[in-house]
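K.L.:
Following is a predicted model, sequence given first.
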Amino acid sequence: MEPTLYDSPFSGNSYKCRLMLHKSGLAYRRVAIDIDKGESRTPEFLALNPNGRVPLLVLPDGTALAESNAILAWLARDTAYLPDEPIAFAQTLQWLFFEQYSHEPNIATVRYWLTHNVEITPYRELALAHKREQGHAALQVMETHLQTNAFFVANRPTIADIALYAYTHVAEEGGFSLEPYPQVRGWLARVAADAPHIPIEA
Ligand SMILES: N[C@@H](CCC(=O)N[C@@H](CS)C(=O)NCC(=O)O)C(=O)O
């Protein structure tokens, strides 16, 4: 039996999992969830993931794994994409947590608001300015790291790169110009050149 990935085509968090699944060659079944129609909030889906979000990987024994970066870690276990040397392992986690705390809530959220006609309420208007500032701060952290590193950890592609690639390569859709970040742009090209690769979907 194959695992089932519940995902959304345009979601970067879902794309991370599809990209790692593609690299691993693991066969899987895919169920697309339309989050704009609330399909991740139905009683059936909430029974699988009470957090009401995709991606979700359901393993053949029924175990449901949520959180994109946890799914990446599971898929990458025992491969070079998840270093096992203790410091490199911890540095991989460092960048995965950075992605979820400092990067994704700013860059991904703004992209979603702007590309999915989300109403810009007064709250969101205020939040937008803050998220823009924080998103650029995250990109600058990446730029600085990449001035002396080809990849985020261990000088080779790992799930830290996959996690950060997902929303960085589409950051401009949220109005985050990558023009000021030449090292980030060079790294994006290196990650995309790491075969096998697949693009995000619209
Ligand atoms: N921290 C979670 C975030 C998951 C998340 O925010 N998923 C979004 C799509 S990218 C979602 O399912 N939104 C639908 C909803 O909240 O109803 C992860 O990394 O998987």
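P.N.:
Looks like it came in fine.

K.L.:
Would you map the helices across the protein?
P.N.:
With DSSP state H, the ranges of helices along the chain come out as 12-24, 43-48, 68-76, 86-98, 104-115, 122-146, 159-168, 182-192.

K.L.:
Surely H136 and F176 touch.
P.N.:
Yes - the pair H136 and F176 passes the contact test of Cβ atoms under 8 Å, sitting 6.8 Å apart. For every residue, glycine as well, the C-beta is placed using N, CA and C.

K.L.:
Between these two, point out the one with more neighbours.
P.N.:
Between H136 and F176, F176 has the larger neighbour count (other Cβ atoms under 10 Å), namely 23 against 18.

K.L.:
Which among the helices of the chain is found nearest to A202?
P.N.:
helix 104-115 (9.4 Å; Cβ to Cβ).

K.L.:
Now for the closest residue to Q134 other than its chain neighbours, how many residues are close by?
P.N.:
Distance criterion Cβ to Cβ, 6 or more residues apart in numbering; nearest residue to Q134, sequence neighbours excluded, is N106 at 4.4 Å. Other residues near N106 come to 26 when the count uses other Cβ under 10 Å.

K.L.:
mind listing what N106 touches?
P.N.:
The contact partners of N106, by Cβ atoms under 8 Å, 6 or more residues apart in numbering, come to 131-132, 134-135, 138.

K.L.:
and which of the residues you listed is nearest to the ligand?
P.N.:
Nearest to the ligand among the contacts of N106 is K131, at 14.3 Å by Cβ to the nearest ligand atom.

K.L.:
mind listing what that closest one touches?
P.N.:
K131 sits next to 105-107, 109-110 when contact means Cβ under 8 Å, 6+ apart.

K.L.:
how does it look with 10 Å?
P.N.:
Listed by Cβ atoms under 10 Å, 6 or more residues apart in numbering, the contact partners of K131 are 105-110, 113, 124, 174, 176.

K.L.:
which parts of this structure sit against the ligand?
P.N.:
When proximity is defined as Cβ under 6 Å from any ligand atom, the chain approaches the ligand at 8, 11, 13, 35, 40-41, 52-55, 67-69, 100.

K.L.:
Show the pLDDT at L146.
P.N.:
Per-residue pLDDT puts L146 at 98.

K.L.:
Quick one: neighbours of it, just the number.
P.N.:
L146 has 20 nearby residues by other Cβ under 10 Å.

K.L.:
how close does the spatially closest residue to it that is not a sequence neighbour get to S14?
P.N.:
Distance criterion Cβ to Cβ, 6+ apart; nearest residue to L146, sequence neighbours excluded, is Q183 at 3.8 Å. Computed as Cβ to Cβ, to the nearest Å, the Q183 to S14 distance reads 27 Å.
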